[in-house]
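Undergrad: Curious how this folds, go ahead:
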Amino acid sequence: MLGFLLDLEGTLVKDKSYTPFEEALKFTELLDERGIPWIVATNNSTEKPGRLIEILREKGFNVNEKKLLSPSLLARDFLKREGVNSIYFMGTDSVKEFFKEEGFEVRNDHNVDAVVVGRDKEINYAKLKTATSALVLNNAKLFSFHMNRLILDPDGLVGPSVGAITAALSYAANKTAVSLGKPSKEYFSRAFELLGIKEPERVYMISDDPFTDLAEGKKVVGFKTVFVLSGKYKDTSVLNGIPREFHPDFTFNNIGECIKLIGEKE
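TA: The predicted model follows:
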């Protein structure tokens with residue numbers, strides 16, 4: 001039995017508007033029809049997990065709490081295990097509320113146990129200063145929802161993503177960041193549990209991000225990788241910056257072409 005880990009933005013949906021690709025709706029419906037397990041393996045850092053499920057269901061995807069994995073869920077569990085009680089969170093009000101609901105003290109100053117970096121479209125010097133002060137003056141730990149470099153916005157332009165902001169803070173404070181999303185081993189271990197598959201060679205990761213999701217994911221867990229040109233990158237020239245042994249196993253224009261993978265294994 002095969003299993004599929006499906007990236008969200010640029011793969012299943014066009015951008016933060018969550019407008020689905022028609023090919024994605026058809027492909028996930030086909031997987032359900034054939035009884036092939038799949039989950040949305042996202043680094044989304046803007047929505048509460050429950051709200052993201054609601055949005056995707058409204059858009060036509062057959063998603064529930066067992067078919068979604070996001071950094072928010074891993075962050076909740078990991079931070080509690082690390083004994084973190086108070087955090088400075090750089091991100092949306094929605095995810096900030098999620099942390100409060102889960103029992104964390106979310107503060108607006110530097111006197112915290114940890115800095116957690118999510119997707120913050122209103123990043124400014126004051127926020128960076130508070131985060132850096134927490135890391136340097138209060139010896140706070142640094143956690144990132146993921147280490148993605150770029151984010152594709154609805155206007156078609158790209159901007160620095162969570163990983164880029166985290167890298168700046170890590171450099172400024174000379175402190176190592178712990179990533180809780182793709183491609184961390186903990187993230188993919190949980191993903192395999194949700195799929196119910198242990199053998200990485202039976203799992204395909206499909207994404208528009210050849211760096212974080214595919215090359216780094218392959219390095220961490222050794223699954224099969226599929227690069228789609230429906231998101232951040234429109235051609236394969238970006239692969240020139242990746243060692244050949246970590247190039248994607250397949251490159252398709254969109255997720256709809258992944259039906260070829262199902263046929264290969266049947």
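Undergrad: Show me how the chain divides into domains.
TA: The chain breaks down into these domains under automatic domain parsing: 3-43+183-265, 72-179.
Undergrad: Return the distance of the first one from the chain's centre.
TA: What separates the centre of domain 3-43+183-265 from the centre of its chain is 12 Å, taken as C-alpha atoms, centre = their mean, to the nearest Å.
Undergrad: Find the nearest non-adjacent residue to V63, please.
TA: Nearest non-adjacent residue to V63, counting by C-beta to C-beta, 6 or more residues apart in numbering: L56, 4.5 Å away. Where you see a C-beta, it was placed from the backbone N, CA and C, and this is true even at glycine.
Undergrad: Please, which helix or strand holds the one you found?
TA: Assigned by DSSP states H and E, L56 belongs to helix 49-58.
Undergrad: Dump that helix to PDB, restricted to CA.
TA: Taking Å, rounded to 0.1, in the frame of the first residue of the first chain, the C-alpha atoms of helix 49-58 are listed here in PDB:
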ATOM      1  CA  PRO A  49      -5.700  23.400  13.200                       C
ATOM      2  CA  GLY A  50      -9.400  23.100  13.700                       C
ATOM      3  CA  ARG A  51     -10.200  26.100  11.600                       C
ATOM      4  CA  LEU A  52      -7.900  24.900   8.800                       C
ATOM      5  CA  ILE A  53      -9.800  21.600   8.700                       C
ATOM      6  CA  GLU A  54     -13.100  23.600   8.400                       C
ATOM      7  CA  ILE A  55     -11.700  25.800   5.600                       C
ATOM      8  CA  LEU A  56     -10.400  22.800   3.600                       C
ATOM      9  CA  ARG A  57     -13.700  20.900   4.000                       C
ATOM     10  CA  GLU A  58     -15.500  24.000   2.800                       C
END
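Undergrad: what stretches of this structure score poorly on pLDDT?
TA: Where the chain drops to pLDDT under 70, the residues are 264-266.
Undergrad: how about the helices in the stretch 101-250 of the chain?
TA: 125-137, 162-173, 185-195, 216-221 (DSSP state H, counting those that start in this stretch).
Undergrad: Quick check: phi and psi at the residue at minimal distance from the centre of the chain.
TA: The residue lying closest to the centre of the chain (C-alpha atoms, centre = their mean) is N43, at 1.4 Å. Backbone geometry at N43, expressed as degrees, to the nearest 10, gives phi -100, psi 20.
Undergrad: quick one: the nearest residue to V238 once chain neighbours are set aside and L229, what's the gap?
TA: Nearest residue to V238, sequence neighbours excluded (C-beta to C-beta, 6+ apart): P210, at 6.0 Å. For P210, the distance to L229 equals 10 Å [C-beta to C-beta, to the nearest Å].
Undergrad: who has more neighbours, these two?
TA: The residue with more neighbours, out of P210 and L229, is P210; 23 against 17, by other C-beta atoms under 10 Å.
Undergrad: how much space between the more buried one and Y18?
TA: 22 Å.
Undergrad: got it, and G256?
TA: Using C-beta to C-beta, G256 is found at 18 Å from Y18.
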